[in-house]
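>>> This is a predicted model, with the sequence first.
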Amino acid sequence: MDIIGYAILLTTSFLASIIGGMMGMAMLILPPVMIFPSSPSPA
């Protein structure tokens, strides 16, 4: 069934994009938090 493989490919790429976006946001957010530990971390 090509549809099942296509769905798996879509879900894996979707999850990979979400994880990559979250890691990118963490890369943008973490350095100011490390430099200024007194500042509240954004929720």
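Looks like it arrived, so ask away. Numbers count the residues shown, from 1 in each chain.

>>> Quick check: buried residues in the host helix or strand of Ile8?
Using DSSP states H and E, Ile8 sits in helix 2-35. Buried residues in helix 2-35, counting neighbours by 16 or more other C-beta atoms under 10 Å, are absent. For the C-beta atoms, the positions are set from N, CA and C on the backbone; glycine is no exception.

>>> any idea of the mean pLDDT in that helix?
If you average the pLDDT over helix 2-35, you get 88.

>>> So which elements touch it?
Packing contacts for helix 2-35, counted by 3 or more C-beta pairs under 8 Å, 6 or more residues apart in numbering; DSSP states H and E, involve no helix or strand.

>>> quick thing: my sequence starts at 485, can you match it?
Sure thing, new numbering starts at 485, so read that last one as helix 486-519.

>>> what residues are up against the residue most central in space within the chain?
For the chain, the residue whose C-alpha lies nearest the mean C-alpha position (C-alpha atoms, centre = their mean) is Met506; its distance is 2.0 Å. For Met506, no contacting residues are found, by C-beta atoms under 8 Å, 6 or more residues apart in numbering.

>>> Tell me the spacing between it and Ile488.
According to C-beta to C-beta, to the nearest Å, Met506 stands 27 Å off from Ile488.

>>> just Gly508 next, same as before
Shown here: Gly508 relative to Ile488, a distance of 30 Å by C-beta to C-beta.

>>> One more: Met511?
34 Å.

>>> And Leu499, by the same measure?
Separation of Leu499 from Ile488 (C-beta to C-beta): 17 Å.

>>> repeat for Gly505
Using C-beta to C-beta, Gly505 is found at 26 Å from Ile488.

>>> Done for today, thanks.
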